[in-house]
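In: One predicted model, sequence on top.
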Amino acid sequence: MATGTETEVLSANGHGCCKKGPGYASPLEAMSGPRESLIYVTCVYAGTGIEKPDYLATVDVDPNSPNYSRVIHRLPMPNVGDELHHSGWNSCSSCHGDPSAARRYLILPSLISGRIYAIDTQKDPRAPSLHKVVEPENIVSKTGLAYPHTSHCLASGDVMVSCLGDKDGKAEGNGFLLLDSEFNVKGKVLVRSPNLNRFL
């Protein structure tokens, strides 16, 4: 997961443009943007027999750095057995038109434990810190959902997280969890299912 430290992007024709929201207006514009200098990688111990918390690794990808392609920081989660899964940002290109939005928090759903972690990458991008934990009991009580899988930011400032089932592990109970910009559980997103022809 790239850090998004850019403050100004280039338009598709190569000319500079004013500061905007996070991300890019198009894939072509992203190709013209500055190279990332850090990336964040989720690291898990699932299936290894090692009883340690999963962690977020910060990797230096600046080719001019003496630490190029090395892990320069590890942020362990506060719990064992999470299985961190598909991470995403609190703001991304869907918020590109909003200059008040910032790509600051990395959202880490945990497939096995059901927790969701919000990681602050702005205070110290080279050593990010834990900002908030959304506990599974809170998610289940407000939505009935469990097994959070993938997070994605929305233009509204909310974060949508796909969940693979309900608390009993039934896949038919899957759906989308909605978090507000402070990572509070807002509820379950109603989606139209073309196969079932009903709202989930």
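Out: Perfect, thanks for sending it. Residues are numbered from 1 along each chain as shown.
In: Confidence-wise, which helix or strand of the protein is lowest on average?
Out: Using mean pLDDT, DSSP states H and E, the weakest-scoring helix or strand in the chain turns out to be strand 198-199, at a mean of 38.
In: Give me the nearest residue to residue 58, chain neighbours excluded.
Out: Nearest-residue entry for residue 58: residue 73, 4.0 Å, with adjacent residues in sequence omitted and distances by CB to CB, 6 or more residues apart in numbering. No exception for glycine: its C-beta is placed from N, CA and C like everyone else's.
In: that's a strand at the one you found, yeah?
Out: Yes. According to DSSP: H, G, I helix; E, B strand; the rest coil, residue 73 belongs to a strand.
In: how about it, what does it touch?
Out: By CB atoms under 8 Å, 6 or more residues apart in numbering, the residues touching residue 73 are 57-58, 126-128.
In: nearest to residue 28, of these?
Out: For the contacts of residue 73, the residue nearest residue 28 by CB to CB is residue 58; the value is 28.7 Å.
In: Quickly note the distance from the residue nearest in space to the middle of the chain to residue 160.
Out: Relative to the mean C-alpha position of the chain, the nearest C-alpha, by CA atoms, centre = their mean, is the one of residue 88, at 2.1 Å. For residue 88, the distance to residue 160 (CB to CB, to the nearest Å) stands at 9 Å.
In: what ranges of the chain fall below the confidence cut-off?
Out: For the chain, the stretches with pLDDT under 70 are 1-19, 21, 94-96, 101, 190-200.
In: Contact partners for residue 140?
Out: For residue 140, the contact set (CB under 8 Å, 6+ apart) comprises 114, 146, 166-167.
In: Just give the number of residues close to residue 136.
Out: Residue 136 has 19 neighbouring residues, counting by other CB atoms under 10 Å.
In: same check, this time on residue 183
Out: Neighbourhood size, residue 183 [other CB under 10 Å]: 18.
In: can I assume it sits in a strand?
Out: No. Counting by three-state DSSP, residue 183 is located in no strand; its state is coil.
In: Check the gap between it and residue 37 for me.
Out: Note on residue 183: its distance to residue 37, by CB to CB, is 26 Å.
In: which one of the contacts of residue 140 is nearest residue 134?
Out: Looking across the contacts of residue 140 and measuring by CB to CB, the closest to residue 134 is residue 114, at 9.1 Å.
In: surely the closest one meets residue 136?
Out: Yes. Residue 114 lies in contact with residue 136 (CB atoms under 8 Å); the separation is 3.0 Å.
In: What segments of this protein are helices?
Out: 27-31, 136-143 (DSSP state H).
In: As TSV, those helices with distance to residue 69 would be great.
Out: Formatted as TSV, the entries for those read as follows, by distance: least, CB to CB, whole Å:
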stretch	distance to residue 69
helix 27-31	22
helix 136-143	35
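In: most tightly surrounded among the ones you listed?
Out: Using mean count of other CB atoms under 10 Å, the stretch among these with the largest mean neighbour count is helix 136-143, at a mean of 17.
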